[in-house]
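Peer 1: Just need the structure, nothing else, for what follows:
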Amino acid sequence: MKPTIKRTIMHGTDVVEVREIEITWHELRLMRDEELEQTDWWAVKDLTMSQAKKDHRQALRDLPQSWPDARTAAENWPVMPDE
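Peer 2: Presented below is the predicted three-dimensional model:
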């Protein structure tokens, strides 16, 4: 799940305002850790993890080293593979 960096404020079905929100490294790491935890089952002993899944998990682990700030990292959040 890609982190939200915008908040849409609605009134019924009408969009009232779209706000940019700041995201911190701490918040981003919490979301990253949650996604890693949700995909841990991919690595159980009796399954063979596809290269796309390995790459996805590695990209999540590399987020803090790959981007200069949390917002840029959130904008470039790795897409979960379909397989």
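
Peer 1: Now the element after whichever helix or strand Asp55 is part of, going C-ward?
Peer 2: Using DSSP states H and E, Asp55 sits within helix 51-66. Following helix 51-66 in sequence order, the next helix or strand is helix 70-75 (DSSP H and E).

Peer 1: Which of the residues in that next one are classified as buried?
Peer 2: Residues of helix 70-75 classed as buried by neighbour count (16 or more other C-beta atoms under 10 Å): 70-71, 73-74. Glycine gets a C-beta too; all of them are placed from N, C-alpha and C.

Peer 1: what stretches of the chain score poorly on pLDDT?
Peer 2: Residue ranges of the chain with pLDDT under 70: 1-4.

Peer 1: Apply 80 and report the result again.
Peer 2: Low-confidence segments of the chain (pLDDT under 80): 1-7, 20-21, 83.

Peer 1: what's the distance between the residue lying farthest from the centre of it and Gln38?
Peer 2: Distance from the C-alpha centroid of the chain peaks at Gly12, with 28.5 Å (C-alpha atoms, centre = their mean). Distance check for Gly12 against Gln38: by C-beta to C-beta, to the nearest Å, it reads 33 Å.
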